[in-house]
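Novice: For reference, the sequence and a predicted model appear below.
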Amino acid sequence: MPTEPDDDELELIRRSGAVLRVGRLSLASGTGSYRVKASMARVAAALGIDRHQAHVTLTEITTTSHRGRSFRTEVTEVRAVGVNTDRLAELELLAQRVEARAPVTVDELTTEIDRITAKPPLYPVALNALWAAVACAAFAFLNNGGVIEVLGAFVGAGLGQALRRVMLHRGFNQFGVTMLAATLASLSYLGFVQALHLLGLTGGVHEAGYVAAALFLVPGFPLATGALDLAKLDFSAGVARLTWALMIFVSAAFAVWAVSIVVGLSPDPPLALALDPASMTLLRLLASFVGVLGFALMFNSPWRMAFVAAGVATLPNVLRIEAVAQFDWPPQAAAAVAAFLVGLLAAWIAPRLNIPRITVYVPAVTIMVPGVPAYRAVYYLSNGEVSEALTYGVSAALVVTALAVGLAVARMCTDREWGFEH
């Protein structure tokens, strides 16, 4: 006959379940597995659990909680993985509060978790789409787009992100939604440019900017967190997260390629803008700040957090661009140095404002992700032009790797837990 659990075992079950809820919310909000484990460990200690162990992948968490002679192992699954930096910040603050007040009761913790779970997104669909539009417009300028390209990217990205947000919140498949959003963004860009042409307001097709309209789909968060998971030797989570990011990107890239084939366009690099160096530098500073601000707000960051991310990213991003354009640095070298600077600035500023570092440095490096070369690689590969595809693909992969290396080295230099293996 099975025996009923005693009071101590029932209490362990309640505590273990509360800790697992914290981990599940953290994982669903887009943070890396190392942060999920750290948050659960802090909450578990505050609840009086003697020892807590966790195995975290992209969509699953397995935990074992020990208290006295009893232990409990639980498994949970997260299917709707996204990015919600406001929730990440709330969970970080929760872990700090319970750690400072330890010991806490399960009821106190549950009340806090329920409040965080019930908190709606900070921005409605229209505003969320606006932030994506602003970010992609800035991205278009930083990729040598002119006024028409910037305006077209703004229109296309706004409509594409609005469709994406609505469909994801209704539970549709992420990859299918990504393809539809990329298609709508590209077609909207081309429709906007064609409308201007018919009205006699512009000449030419301005085809160089249609890729920028879909850059809100670049999976900057999973790329950064996946690479950092690998740096922490958490291969199961890191490889899974990077695979998910790659699938998201390929879904978007194939949709853009299909549009380009149907309308007969090629994503050729645009010519450099004819501006004097001082004006170009000032505009790049502005575009970098606005672009990162847009991405941070699109990730559901509060305004203060978004301004911090934008401020941290602006100068390193412009230095990265100038190093490549003026001093012929290899793009991956410039990216590594820029990401390292972002990591150092985030490590100095974020703790002083009591916000998680990840909510600062991931939006900051997202604007450095080489989305346009990566899209071009898929385009040429789909057309059978292997040499062109390899040129752009290898270049994009090296830059993404360099961004991850820069962030990881900065973290190792500023965080003892990253500098030493335990």
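Specialist: Now that the structure is in, tell me what you want to look at.
Novice: Residue 42 and residue 97 touch, don't they?
Specialist: No. Contact criterion CB atoms under 8 Å: residue 42 and residue 97 do not qualify, at 10.2 Å. Where you see a C-beta, it was placed from the backbone N, CA and C, and this is true even at glycine.
Novice: Which one of those two is surrounded by more residues?
Specialist: The residue with more neighbours, out of residue 42 and residue 97, is residue 42; 20 against 15, by other CB atoms under 10 Å.
Novice: Just the element for that one, please.
Specialist: For residue 42, the host element (DSSP states H and E) is helix 33-46.
Novice: Could you list the low-confidence segments of the protein?
Specialist: Scanning the chain for pLDDT under 70 picks out 1-7, 203-208, 268-271, 418-422.
Novice: try it again with 50
Specialist: Applying pLDDT under 50 to the chain flags residues 1.
Novice: picking up where we left off before, check which strands are paired with the helix or strand following the helix holding residue 42 and give the direction for each one.
Specialist: Sequence order places strand 51-56 as the next helix or strand after helix 33-46, per DSSP H and E. Strands that pair with strand 51-56, judged by DSSP bridges, come out as strand 60-67 (antiparallel).
Novice: where along the stretch 301-422 of the chain do the strands fall?
Specialist: Taking DSSP state E, counting those that start in this stretch, the stretch 301-422 of the chain contains no strands at all.
Novice: That one: helices as residue ranges?
Specialist: Using DSSP state H, counting those that start in this stretch, the helices of the stretch 301-422 of the chain run over 303-327, 331-353, 358-366, 371-382, 386-414, 416-419.
Novice: just these: most buried one?
Specialist: Comparing the helices of the stretch 301-422 of the chain by mean neighbour count (mean count of other CB atoms under 10 Å), helix 358-366 ranks first with a mean of 29.
Novice: Does anything pack onto it? Which helices or strands?
Specialist: Helices and strands touching helix 358-366, by 3 or more CB pairs under 8 Å, 6 or more residues apart in numbering; DSSP states H and E, are helix 85-101, helix 220-231, helix 277-298, helix 303-327, helix 331-353, helix 386-414.
Novice: could the ones you listed be laid out in a markdown table, adding distance to residue 164?
Specialist: Output for the helices and strands packed on helix 358-366, formatted as a markdown table (distance: least, CB to CB, whole Å):
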| stretch | distance to residue 164 |
| --- | --- |
| helix 85-101 | 17 |
| helix 220-231 | 14 |
| helix 277-298 | 10 |
| helix 303-327 | 19 |
| helix 331-353 | 26 |
| helix 386-414 | 22 |
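Novice: so which of these gets nearest residue 134?
Specialist: helix 277-298 (3.8 Å; CB to CB).
Novice: how big is the angle separating the helix holding residue 42 from helix 386-414?
Specialist: Per axes from the mean of the first three to the mean of the last three CA atoms, to 10 degrees, the angle that helix 33-46 makes with helix 386-414 is 30 degrees.
Novice: contacts for helix 33-46?
Specialist: 15, 18-20, 22-23, 26-27, 52, 54, 56-57, 61, 63, 65, 88, 91-92, 94-96, 98-99, 101-104, 109, 228-229, 232, 234, 237-238, 241, 356, 358 (CB atoms under 8 Å, 6 or more residues apart in numbering).
Novice: Can I have the buried ones of these as a ChimeraX selection?
Specialist: In ChimeraX syntax, the buried subset of the contacts of helix 33-46 is picked out as below (16 or more other CB atoms under 10 Å):
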select :15,18,19,20,22,23,26,27,52,54,56,57,61,63,65,88,91,92,94,95,98,104,109,228,229,232,234,237,238,241,356,358
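Novice: still on that earlier bit, what's the closest of the helices of the stretch 301-422 of the chain to residue 176?
Specialist: helix 371-382 (17.4 Å).
Novice: for the helix holding residue 42, which positions count as buried?
Specialist: 33-46.
Novice: Out of those, the closest to residue 289 would be?
Specialist: residue 35 (26.4 Å).
Novice: any idea how far the closest one lies from residue 190?
Specialist: Using CB to CB, to the nearest Å, residue 35 is found at 40 Å from residue 190.
Novice: cool, residue 325 as well?
Specialist: For residue 325, the distance to residue 190 (CB to CB) stands at 28 Å.
Novice: now do residue 318
Specialist: Applying CB to CB to residue 318 and residue 190 gives a distance of 30 Å.
Novice: ditto for residue 405
Specialist: Distance, residue 405 to residue 190, using CB to CB: 37 Å.
Novice: go on, residue 98?
Specialist: Distance from residue 98 to residue 190, by CB to CB: 52 Å.
Novice: what does residue 61 give?
Specialist: Residue 61 is 43 Å from residue 190, by CB to CB.
Novice: In this protein, which residue is most central in space?
Specialist: residue 221 (2.0 Å; CA atoms, centre = their mean).
Novice: what sits against it?
Specialist: 30, 83, 299, 362, 366 are the contacts of residue 221 under CB under 8 Å, 6+ apart.
Novice: okay, the residues you listed in JSON lines with distance to residue 340 next?
Specialist: Formatted as JSON lines, those follow (distance: CB to CB, whole Å):
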{"residue": "30", "distance to residue 340": "23"}
{"residue": "83", "distance to residue 340": "23"}
{"residue": "299", "distance to residue 340": "22"}
{"residue": "362", "distance to residue 340": "15"}
{"residue": "366", "distance to residue 340": "16"}
